[in-house]
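Visitor: I would like the atomic coordinates for the input below:
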Amino acid sequence: MGGRTAHSTFKIPLKLNDTSTCSIFKQSHLKGLIQKASLAIWDEEPMAHRHAFEAVDRSSRDLMDNDDEPFGGKVFVLSGDFRQILPVVVRGTPAQTIDACLKSSTLWPKFQQLHLRENLRVMSA
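Guide: Numbering: from 1, shown residues only. Prediction:
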């Protein structure tokens, strides 16, 4: 599928809520691409609202006809630093911003966390 934003790839709606789904039709070319993909990498995920990620989960389960596994059994690799930029919640309180983070989602415990400790960019200089 090449490098594309999550919103572009999964057709994530601009207005999100806790029941949102992505705009991917079951007979579309995009469905076929998602089904064939062995891995999805979501960079800077901590900036995304958890509802965006939950919409991708619901839609992936539907597209893959697999409600039993997160993302319909597709492998997702997330990257980002939760100490940097958090999701934007317009006129939101600090509590609403925290609630918008992926760590507040019921999906969060299903991820295996790996922490990178060596800065390889510094070593190559």
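Visitor: so how many other residues sit close to the nearest residue to Ala100 once chain neighbours are set aside?
Guide: Computed as CB to CB, 6 or more residues apart in numbering, the closest residue to Ala100 that is not its neighbour in sequence is Pro87, at 4.1 Å. Where C-beta positions appear, they are placed from N, C-alpha and C, glycine not excepted. Burial of Pro87, expressed as a neighbour count using other CB atoms under 10 Å, amounts to 21.
Visitor: again, but for Gly73
Guide: 12.
Visitor: tell me the contacts of it?
Guide: 64, 66 (CB atoms under 8 Å, 6 or more residues apart in numbering).
Visitor: which strands and helices sit next to the lengthiest helix in the chain?
Guide: Ranked by number of residues, the top helix in the chain under DSSP state H is helix 50-63. Helices and strands touching helix 50-63, by 3 or more CB pairs under 8 Å, 6 or more residues apart in numbering; DSSP states H and E, are helix 6-10, helix 29-36, helix 94-100.
Visitor: picking that back up, helix, strand or coil: sort out the residue nearest to Ala100 for me.
Guide: With DSSP: H, G, I helix; E, B strand; the rest coil as the basis, Pro87 sits in coil.
Visitor: What of Ile41?
Guide: Going by three-state DSSP: Ile41 is strand.
Visitor: returning to what we had before: please identify the most buried of the helices and strands packed on helix 50-63.
Guide: helix 6-10 (a mean of 17; mean count of other CB atoms under 10 Å).
Visitor: give me every residue that touches the most centrally placed residue in the chain.
Guide: Centroid-nearest residue in the chain: Phe53, 3.9 Å away (criterion: CA atoms, centre = their mean). For Phe53, the contacting residues are 42, 45, 102, 105, 107, by CB under 8 Å, 6+ apart.
Visitor: For those residues, which single residue is the most surrounded?
Guide: Leu102 (23 neighbours).
Visitor: OK, contacts around it?
Guide: So Leu102 contacts 45-46, 48, 50, 53, 78, 108 (CB under 8 Å, 6+ apart).
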